[in-house]
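Participant: Pasting the sequence and the predicted coordinates here, then a few questions.
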Amino acid sequence: MPTLLDFESRSRCDLKRHGGRLYWEHETSEVLCCVYYDTDTGEIGVWMPGDPCPFSPGAELAAHNARGFDGFAAARLGWPDIEIDTSELARRAGLPGALDALGTRWLGIPKDKVASAFTKSLSRPSRAKARLGQLPELTPEVLDRVVAYCGSDVEIMAHGWPLLESWQQLEPDVLRVDRAVNDRGIAFDSQLAARLLECDGRLAESALSEAAWDLGMTPDQVEEIARSPLQFTAFTGAPNAQKETVEDLAENEVGEVRAMARARQALASIARGKLEAGLARVSPDGRLRDSMRYYGAHTGRWSHRGLQPGNMPRPAGRFDGWGDAEICRLADRVIAGKHWADAEEIDLLLRACFTASPGNELVVCDFSGVEARALAWCANDTAALEVFASGVSPYKVMGATIFGCSPDEISKGEERYSIGKIAELACGYGMGPPKFEWTANKAGSDLGAIGVDAAEVVYAWRDLHAPIVRFWRALEYTFRDAVRGEAGSLDCFKLVPSNDGRDVAIFLPSGRPIVYSNTRLGSDEQGRPRLAFTGTKGPEHTYGGKLTENAIQALCRDLMADALVRAEDAGLCPVLHVHDEIVCDVPASAAAEAYEYLHAIMTDLPAWAEGFPIGAAGHTGMRYRK
């Protein structure tokens with residue numbers, strides 16, 4: 001039985017900005033206390049700096065957010081590794097990962113926010129001592145308060161442990177490899193990142209100057225308004241200052257509103273935030289670590305920390321056909337100060353900040369259209385499966401269906417192809433016409449200009465993929481039965497209610513469950529039946545299309561996890577994985593062979609996925625690219 005523990009600390013290092021690893025490597029970081037609870041004996045203990053380590057070598061230790069904080073604290077102290085992260089166990093169980101939310105759910109008592117703020121204040125000099133850089137004094141009274149706060153966190157963990165311990169044995173190999181990949185990290189070109197930040201700043205200055213000229217203001221005045229959501233909305237009359245709203249104003253408005261929106265866009269560059277995050281989290285050895293967050297989503301998919309490699313902007317079409325050589329040449333020119341990158345080049349080179357180790361190359365392989373293939377496979381959409389088997393682009397087939405022509409008449413890149421692609425990517429989980437029109441507009445396609453409306457496209461997709469539409473409905477009905485206490489199955493999925501009738505699990509072909517907590521049947525304002533459950537952020541409602549999306553994404557995640565484990569065990573050294581893509585770092589002399597090996601691993605299906613229409617493709621090179 002493990003011992004649950006929690007650390008409190010203080011430091012001049014910003015934990016949120018730099019992450020737990022660098023926080024605990026910072027010279028100013030210090031442990032204030034550790035409270036622990038033995039789940040076997042019920043013993044509670046308090047460790048203070050200067051005391052001997054209370055744990056013997058090989059002790060089984062657990063902490064909430066061990067991989068983001070406490071594990072690095074234990075390593076700095078020379079204590080045994082903290083092998084169990086209870087936040088991961090909670091997410092596996094369909095519960096919130098945040099301790100505050102768990103405390104509210106389990107005990108009706110959230111974390112003590114006042115005590116939390118007090119503990120954080122110990123890392124900030126008071127106004128009187130700020131000039132000297134002195135932190136608050138750690139008096140016995142102060143430390144007693146910190147220990148009490150630390151103990152309240154451990155109390156939440158102790159209360160929830162009986163609900164979490166059974167989840168320890170879920171996919172140990174995946175967890176082992178996740179640890180290895182995060183500890184290994186990927187080489188990060190800080191020099192290129194810093195130069196790209198300069199380029200981005202120059203673009204922002206230019207945009208502010210241009211807006212200032214149009215508005216009759218100084219650049220500083222424009223910046224003050226553009227940075228402040230309150231001032232921006234007051235100036236433009238916009239309902240909010242969110243990204244989508246600002247984009248709409250920048251593209252479709254005129255005059256002063258358009259000028260201010262473009263200024264805010266320039267200041268809110270996605271690339272800038274990512275570059276700053278990368279530079280803040282890169283280790284002294286030049287590697288970016290801890291980017292992947294295991295079980296970051298309800299479905300079990302990974303999310304990302306820091307630089308967030310999962311949602312990098314995609315470069316414009318002007319770079320079609322560019323390979324590693326072209327990207328490396330551009331990067332070298334930017335680093336040398338011989339070229340100022342424009343916005344599209346910054347987007348392109350943002351990925352290129354991820355590089356191979358000296359003497360190595362990156363080997364990248366990505367599952368091809370894996371969600372669409374999984375959806376067709378699970379729903380037994382034989383027509384779609386035949387398209388995948390034939391090698392014909394499903395986007396062309398969809399475009400031909402919408403526009404009443406042959407797939408041979410549609411070329412990649414033209415509007416009919418684009419509409420077919422958007423439909424295939426967007427409609428698989430029940431999207432309706434209004435949302436599709438918004439999605440198409442956001443992707444730059446004007447439906448009216450090419451003679452179709454959103455409803456035509458959506459219902460053309462549903463006619464072409466009728467088995468998938470039936471699958472949505474069947475999954476919702478089966479889930480409703482499970483909420484009522486009746487287990488059932490649908491093709492490769494099994495739906496099982498918990499013994500107490502509160503939760504429902506969808507068991508995937510791999511055997512891994514997606515857990516829906518506190519499920520219930522209700523109705524909306526119009527009296528229509530509605531499915532609900534308690535998600536990680538509170539009450540949520542769901543339906544057939546959403547349940548299908550969860551199940552399909554989870555299945556694809558399991559394909560990725562299986563391939564990732566085999567790539568690690570084959571010695572291919574994975575350093576990053578993004579959605580359905582694995583990135584390995586191998587000696588340059590072996591890159592071609594390693595690519596073939598990785599491709600074979602990703603297309604060699606596990607036994608539970610026999611018959612899946614798998615496909616994969618990729619490349620090698622010095623810098624990461626799409």
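Facilitator: Sure thing, it's come through.
Participant: Show me where this structure dips below the pLDDT cut-off.
Facilitator: The model of the chain has pLDDT under 70 over residues 126-133, 316.
Participant: Residue ranges of each domain in it, please.
Facilitator: Here the domain parsing of the chain from automatic domain parsing is 3-169, 186-288+312-352, 382-464, 557-621.
Participant: Mind checking those domains for the one nearest to R373?
Facilitator: Closest approach to R373 among the domains of the chain is made by domain 557-621 (4.8 Å; Cβ to Cβ). C-beta coordinates here come from the backbone N, C-alpha and C atoms, glycine included.
Participant: all strands for the stretch 501-626 of the chain, in order.
Facilitator: In the stretch 501-626 of the chain, the segments counted as strands under DSSP state E, counting those that start in this stretch are 504-507, 513-523, 529-535, 538-542, 574-578, 581-587, 616-621.
Participant: Please identify the deepest-packed of those strands.
Facilitator: Of the strands of the stretch 501-626 of the chain, the one with the most neighbours on average (mean count of other Cβ atoms under 10 Å) is strand 574-578, at a mean of 24.
Participant: list the helices and strands it packs on?
Facilitator: Contact partners of strand 574-578 among helices and strands, from 3 or more Cβ pairs under 8 Å, 6 or more residues apart in numbering; DSSP states H and E: helix 172-184, strand 186-188, helix 544-569, strand 581-587.
Participant: Distance from the longest one to the middle of the chain?
Facilitator: Put plainly, it is helix 544-569. Put simply, helix 544-569 sits 14 Å off its chain's centre (Cα atoms, centre = their mean, to the nearest Å).
Participant: Would you mark the buried spots in that helix?
Facilitator: For helix 544-569, a neighbour-count test (16 or more other Cβ atoms under 10 Å) marks 544-568 as buried.
Participant: What angle do strand 581-587 and it make with each other?
Facilitator: On the basis of axes from the mean of the first three to the mean of the last three Cα atoms, to 10 degrees, helix 544-569 is oriented at 10 degrees to strand 581-587.
Participant: Spatially nearest residue to F507 (excluding sequence neighbours)?
Facilitator: Once flanking residues are discounted, F507 sits nearest to K494: 4.2 Å by Cβ to Cβ, 6 or more residues apart in numbering.
Participant: Quick check, that neighbour in contact with I506.
Facilitator: Yes. The criterion here is Cβ atoms under 8 Å, and K494 meets it with I506 at 7.5 Å.
Participant: could you dump the domains of the chain to TSV with distance to D481?
Facilitator: Output for the domains of the chain, formatted as TSV (distance: least, Cβ to Cβ, whole Å):
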stretch	distance to D481
domain 3-169	19
domain 186-288+312-352	38
domain 382-464	20
domain 557-621	24
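Participant: any idea which of the ones you listed is most buried?
Facilitator: Using mean count of other Cβ under 10 Å, domain 557-621 ranks as the most buried of these, with a mean of 19.
Participant: Span of it from start to end?
Facilitator: Its first and final residues considered, domain 557-621 spans 25 Å by Cα to Cα, to the nearest Å.
Participant: what's the answer for stretch 356-375, then?
Facilitator: This stretch, stretch 356-375, spans 35 Å end to end (Cα to Cα).
Participant: Can you point out the buried residues in that stretch?
Facilitator: For stretch 356-375, burial by neighbour count (16+ other Cβ under 10 Å) applies to 356-357, 360-375.
Participant: about what we covered before: for the strands of the stretch 501-626 of the chain, which one sits closest to L197?
Facilitator: With Cβ to Cβ as the measure, strand 574-578 is the member of the strands of the stretch 501-626 of the chain nearest L197 (21.4 Å).
Participant: Please work out which residues outside the closest one touch it.
Facilitator: For strand 574-578, contacts defined as Cβ atoms under 8 Å, 6 or more residues apart in numbering pick out 177, 181, 184-187, 291-292, 302, 304, 309-310, 354, 362, 560, 564, 567-568, 582-585, 624.
Participant: Look up how far P434 lies from Q134.
Facilitator: Q134 sits 58 Å away from P434, going by Cβ to Cβ, to the nearest Å.
Participant: what residues does stretch 334-353 touch?
Facilitator: Contacts with stretch 334-353, where a contact means Cβ under 8 Å, 6+ apart, come from 188-189, 191-193, 195-196, 199-200, 202-203, 269, 271, 274-275, 278, 312-316, 318-319, 322, 327-328, 330-331, 333, 623-626.
Participant: Counting by contacts, list what the helix or strand harbouring V114 packs against.
Facilitator: V114 is part of helix 113-121 when elements are defined by DSSP states H and E. Identification of packing neighbours for helix 113-121 by 3+ Cβ pairs under 8 Å, 6+ apart yields helix 140-164.
Participant: Now do the helix it packs on: which elements does it pack against?
Facilitator: strand 3-10, strand 30-38, strand 44-47, strand 61-63, helix 86-92, helix 99-107, helix 113-121.
Participant: quick one, which of those is nearest to R462?
Facilitator: Of all the helices and strands packed on helix 140-164, helix 86-92 sits nearest to R462, with 33.6 Å by Cβ to Cβ.
Participant: The closest residue to D173 other than its chain neighbours and H304: what is the separation?
Facilitator: Take D173 and drop its neighbours on the chain: the residue closest to it by Cβ to Cβ, 6+ apart is V565, 4.9 Å away. Applying Cβ to Cβ, the value for V565 to H304 is 19 Å.
Participant: swap in G97?
Facilitator: To H304, G97 is 15 Å away according to Cβ to Cβ.
Participant: and after the host helix or strand of A482, which helix or strand comes next?
Facilitator: Assigned by DSSP H and E, A482 belongs to helix 466-483. Past helix 466-483, further along toward the C-terminus, the next helix or strand under DSSP H and E is strand 488-490.
Participant: Parallel or antiparallel, list what pairs with that next one.
Facilitator: Sheet pairing of strand 488-490 (DSSP bridges) gives strand 493-497 (antiparallel).
Participant: got the angle between the strand it pairs with and strand 513-523?
Facilitator: 60 degrees.
Participant: can you give me the strands for the stretch 351-500 of the chain?
Facilitator: With DSSP E, counting those that start in this stretch as the criterion, the stretch 351-500 of the chain has strands at 354-355, 360-367, 488-490, 493-497.
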